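>>> kindly generate the corresponding structure for this input.
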Amino acid sequence: MLETHDLLPVTWHLAVPEPVCRRLLDMGIACNKAALAFDQAYLQHRYSVDEFDSATACADGARHRAEFARQWFDCTVSYTDQLAAVYTVTASIFAGYATEIAAEYASEGRIPLSEPALLPPSVVLREPDTYLPLVQMPAGAHAPQPIAEHNTELATSHRGLMDVIELTLRSHPVDVYDVPSRLANRPPMSLGLNVDLACCLHSYAANCAWAVGLATRPVDDAC
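Model (predicted):
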């Protein structure tokens, strides 16, 4: 099962403009839904593999079952590939926006009101230092302890994301995730896609959103 992530803690009465809260919450929910959708699709893929193996073991006695299972398998491969891309596109937009919000708050102490850029994965893959920099919230002597602890989580999440981006660039064309519908009916022996990039983008985005929540909650709540 893929991991879902905590959402921006809006019940903390954060000092974040309402439109920004709404966008971060919406993107976080979308990514969690995408992760769950991929899990369901992958389960169907495993069922199709099991059915094909079972029918093949019966030889001529399950010829029609085997043909059905083969076609079912082809459908599930196409569907899981497309959902991997959908999840990656969704997580790329969330990561780009959450990183922008968190980075500007960390460096300038303000929340930008700009609309999120609809960045396809290929853009962030080509320029991760621009769109996905490491964010560290100010954690001086008077900062709440959770902020300092969360900075460590941000650094770990960012390091994992950079590793996966490097691996993705070595394994696939840079724009492979940009248009999910292009992944329908790919050649059977082509290299299958995985969701590692989507998962790492989602994790870093969620960590950036949580960092904004920790840094902007009322002082009384932070104690």
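>>> show me what the helix ranked longest in the chain is packed up against.
Counting by DSSP state H, the longest helix found in the chain is helix 63-108. Packing partners of helix 63-108 (3 or more C-beta pairs under 8 Å, 6 or more residues apart in numbering; DSSP states H and E): helix 18-57, helix 121-126, helix 128-131, helix 196-216. From N, CA and C alone the C-beta is placed, and that goes for glycine too.
>>> JSON lines please, covering the ones you listed and showing distance to residue 93.
Output for the helices and strands packed on helix 63-108, formatted as JSON lines (distance: least, C-beta to C-beta, whole Å):
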{"stretch": "helix 18-57", "distance to residue 93": "7"}
{"stretch": "helix 121-126", "distance to residue 93": "9"}
{"stretch": "helix 128-131", "distance to residue 93": "11"}
{"stretch": "helix 196-216", "distance to residue 93": "9"}
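>>> which stretch among these comes nearest residue 80?
helix 18-57 (4.8 Å; C-beta to C-beta).
>>> model confidence over the closest one, on average?
For helix 18-57, the mean per-residue pLDDT is 93.
>>> by how many degrees do it and helix 63-108 diverge?
Compare the direction of helix 18-57 with that of helix 63-108 by axes from the mean of the first three to the mean of the last three C-alpha atoms, to 10 degrees and you get 160 degrees.
>>> centre of the chain to helix 18-57, how far?
Relative to its parent chain, helix 18-57 has a centroid offset of 12 Å by C-alpha atoms, centre = their mean, to the nearest Å.
>>> that helix packs against which elements?
Using 3+ C-beta pairs under 8 Å, 6+ apart, helix 18-57 is in contact with helix 63-108, helix 196-216.
>>> any idea which of those is most buried?
helix 196-216 (a mean of 25; mean count of other C-beta atoms under 10 Å).
>>> can I get that helix in CSV? Just the C-alpha atoms.
This file holds the C-alpha atoms of helix 196-216, laid out as CSV (Å, rounded to 0.1, in the frame of the first residue of the first chain):
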residue,chain,number,x,y,z
ASP,A,196,8.6,6.2,-6.8
LEU,A,197,8.8,9.7,-8.2
ALA,A,198,5.2,10.4,-7.4
CYS,A,199,5.6,9.1,-3.9
CYS,A,200,8.7,11.2,-3.2
LEU,A,201,7.1,14.4,-4.7
HIS,A,202,4.0,13.8,-2.6
SER,A,203,6.1,13.2,0.6
TYR,A,204,8.2,16.4,0.1
ALA,A,205,5.1,18.5,-0.8
ALA,A,206,3.3,17.3,2.3
ASN,A,207,6.3,18.0,4.5
CYS,A,208,6.6,21.5,3.1
ALA,A,209,2.9,22.1,3.7
TRP,A,210,3.2,20.8,7.3
ALA,A,211,6.3,23.0,7.8
VAL,A,212,4.1,26.0,6.9
GLY,A,213,1.6,24.9,9.4
LEU,A,214,4.1,24.6,12.2
ALA,A,215,5.7,27.9,11.4
THR,A,216,2.4,29.9,11.2
